[in-house]
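1. Would you be able to build a 3D model of this:
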Amino acid sequence: MIARPLRRARASGFSILGAAMGFALAAAPCPHAQAEPEPTPDENREDWPPPMEPMLFHFAQVDQLEWRANDGHDLFRWDLHGWWGSDENKLWLKSEGDARTSRPSGGDAEIQLLYGRMISDFWDLQLGVREDFLYGAGSDHERTLAVLGLDGLAPYWFELEPALFVSDDGDFSARLTALYELRVTRRLVAQPRLEVNVAANNARKFGVRRGFNDVELGLRLRYEWFRAGAPYVGVNWLRVLGNTADLARDHGDDIDALGFVAGIRFQF
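-> Numbering: from 1, shown residues only. As a prediction, the model looks like this:
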């Protein structure tokens, strides 16, 4: 009576084990079976989604729109730039200049039209033309220059803009502009700025002689009430150097100017 249930249990266990082995053998791949070839990247290309079209953007910024009080030689000053294009290719427009608001009237202006090509994550190579205008009492002059420059972000978030210029008279000159954004609070930003100009040839009509022409240092403190615009105040110091300083003295111009500035900076 006891042996029969044991034989039945043993027989059931063997049958379950046999069924499990059968399922395992059925699921195992046959060693002689050929694997199906994987589809190549070119197959089913008609089903691929269309490539994304290059996106175009635009940006414009008036970095300086200000009045400068320079010990009786007050100026209205502007410095702006903007671009249109993609991340890799841009069309740049830059302009800067000043106009005297006191006697004698006059001033100077500069316009650049450039093509920019991204050469690294933070740098653009720029090629184009620059047009200079010098106006005043009996001293209106113009000249055209070729431009080769860089525009980008250096380590520690310094914005640098070195450029080389060649005029239509074959005069070589160069400029380095550097600035830094120091956020004092969430809305208060200090911006130190440096600009250095140097020339390899004389251009007396434009008040330039060979050597270092001038160095300009500024510090502006702006309050960003809203992102698009921010009023600011600050100080600006300009020092004419070397042979260019001698030329300025001959014309009765100051070679050292320290002034208070007030203006607005905006972008769109």
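2. residues making contact with stretch 169-187?
-> Residues outside stretch 169-187 that contact it (CB atoms under 8 Å, 6 or more residues apart in numbering): 143, 145, 157-167, 189-203, 208, 213, 221, 223-225. C-beta here means a position set from N, CA and C on the backbone, and glycine is covered the same way.
3. tell me how far the ends of it are from each other?
-> Taking CA to CA, to the nearest Å, stretch 169-187 runs 47 Å from one end to the other.
4. and that stretch, what's its mean pLDDT?
-> For stretch 169-187, mean pLDDT is 96.
5. next one: it to chain centre, how far?
-> Centroid separation for stretch 169-187 versus its chain: 11 Å, with CA atoms, centre = their mean, to the nearest Å.
6. residues of it that come out buried?
-> 171, 173-175, 177, 179 (16 or more other CB atoms under 10 Å).
7. Sketch out the strands for the protein, chain order is fine.
-> Applying DSSP state E to the chain gives strands spanning 57-69, 75-85, 89-100, 106-120, 123-136, 141-154, 158-167, 172-180, 182-183, 188-199, 211-223, 229-240, 256-267.
8. just for the stretch 101-250 of the chain, where's the confidence low?
-> Counting by pLDDT under 70, the stretch 101-250 of the chain contains low-confidence ranges at 137-138.
9. Give me the distance between Thr185 and Leu221.
-> Distance, Thr185 to Leu221, using CB to CB, to the nearest Å: 11 Å.
10. picking that back up, just the buried residues out of the contacts of stretch 169-187, in PyMOL syntax.
-> A single PyMOL command selects the buried members of the contacts of stretch 169-187 (16+ other CB under 10 Å):
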select buried, resi 143+145+159+160+161+163+165+166+167+189+191+193+195+196+197+198+199+203+208+213+224
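11. The buried residues of stretch 169-187 into JSON lines, with extra columns for distance to Ile111?
-> Supplementary listing: the buried residues of stretch 169-187 in JSON lines, determined by distance: CB to CB, whole Å:
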{"residue": "Asp171", "distance to Ile111": "18"}
{"residue": "Ser173", "distance to Ile111": "16"}
{"residue": "Ala174", "distance to Ile111": "19"}
{"residue": "Arg175", "distance to Ile111": "15"}
{"residue": "Thr177", "distance to Ile111": "16"}
{"residue": "Leu179", "distance to Ile111": "21"}
